[in-house]
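Participant: Build me a model from this:
(one chain, ligands or ions: 1)
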Amino acid sequence: MGSTASTSRTARQRPRLAARDPGRVQSLETREGGSSKDWKAAKRVVVRPAAAADLRELLRLDEALIAEDRRHDPTIDPAWTRSAGGRRFFRDRATGREGIGWVAEAGDHLAGYLVGCVGPAEDYRRVQKVAEIECLYVEPRWRGAGIGARLVRRFERWARRQGAERMRVVVSAGNVRAIRFYQRGGYRLHDVVLEKPRRGRSDRAQ
Ligand SMILES: CC(C)(COP(=O)(O)OP(=O)(O)OC[C@H]1O[C@@H](n2cnc3c(N)ncnc32)[C@H](O)[C@@H]1OP(=O)(O)O)[C@@H](O)C(=O)NCCC(=O)NCCS
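Facilitator: Take a look at the predicted model:
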């Protein structure tokens, strides 16, 4: 598995929150003894590479992610996941044709997933390859038990093997809990993107 990939989904996303210093990017700590009542059950959750057979579950989880994300960014299109482009995006990640996917399997369903890729850095930078977490989601009942950190750690390990010098993730500015989660893993604010709707147009109407 593995490839260099364009950051296709990022094109429809927003600010970039990347590690400031690749030497200081650490793996996220697994928070053993975390607060979740599901901690014991979460230990039995298996984190493994995604496969084509996971596509249905990946689409379900991505819809849940978008439903939550829209609270921070109402311009995100909830129909994107099941569009032709969305399905292609997830099929490519699940099969490793472009980028990669990891899933957290909890018995008969998936408790979470991460998809990402490694691609060329902007040509004005003194960095060749950047890895990007494109989507990360853990179902609410499984949160706080280290599954998110495990998914990120697996991705970072893969990305390093692909030669990535930096890790990046784009998060809605209002998603302070996710920002805190990444900061605990060594990620630091890097670029900040500011936007406004055209005059007379409300984001809520989109
Ligand atoms: C961010 C997320 C993937 C973390 O997964 P997780 O399995 O709960 O992560 P871990 O157990 O390894 O770490 C838990 C920490 O994540 C943070 N966190 C971030 N968002 C959270 C949320 N919505 N609910 C609970 N904890 C959250 C908490 O600060 C928690 O720290 P705490 O134990 O000190 O409270 C998960 O909360 C989630 O799916 N959130 C919604 C989607 C999202 O925001 N994705 C990231 C944007 S790309």
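Participant: where in this structure is pLDDT low?
Facilitator: Within the chain, the stretches with pLDDT under 70 are 1-38, 204-206.
Participant: helices or strands next to the strand or helix carrying A111 in the packing?
Facilitator: Counting by DSSP states H and E, the element that carries A111 is strand 109-120. Applying 3 or more CB pairs under 8 Å, 6 or more residues apart in numbering; DSSP states H and E, we find strand 109-120 packed against helix 55-69, helix 84-95, strand 100-106, strand 129-138, helix 147-161. To be clear about C-beta, it is placed using only N, CA and C from the backbone, and glycine gets the same treatment.
Participant: what about 6 Å?
Facilitator: On a contact count with 3 or more CB pairs under 6 Å, 6 or more residues apart in numbering; DSSP states H and E, strand 109-120 meets helix 55-69, strand 100-106, strand 129-138, helix 147-161.
Participant: nearest to the ligand, of those?
Facilitator: Proximity to the ligand (CB to the nearest ligand atom) singles out helix 147-161 among the helices and strands packed on strand 109-120, at 2.4 Å.
Participant: Put the alpha carbons of that closest one into PDB.
Facilitator: Output of helix 147-161 as PDB, limited to C-alpha atoms (Å, rounded to 0.1, in the frame of the first residue of the first chain):
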ATOM      1  CA  ILE A 147      -9.000   5.400  19.800                       C
ATOM      2  CA  GLY A 148      -8.400   8.800  18.000                       C
ATOM      3  CA  ALA A 149      -4.800   8.800  19.200                       C
ATOM      4  CA  ARG A 150      -4.300   5.300  18.000                       C
ATOM      5  CA  LEU A 151      -5.600   6.100  14.600                       C
ATOM      6  CA  VAL A 152      -3.300   9.100  14.300                       C
ATOM      7  CA  ARG A 153      -0.300   7.200  15.500                       C
ATOM      8  CA  ARG A 154      -0.800   4.500  12.900                       C
ATOM      9  CA  PHE A 155      -1.100   7.200  10.200                       C
ATOM     10  CA  GLU A 156       2.000   9.100  11.400                       C
ATOM     11  CA  ARG A 157       4.000   5.900  11.300                       C
ATOM     12  CA  TRP A 158       2.900   5.200   7.700                       C
ATOM     13  CA  ALA A 159       3.500   8.800   6.700                       C
ATOM     14  CA  ARG A 160       7.100   8.700   8.000                       C
ATOM     15  CA  ARG A 161       7.700   5.600   5.900                       C
END
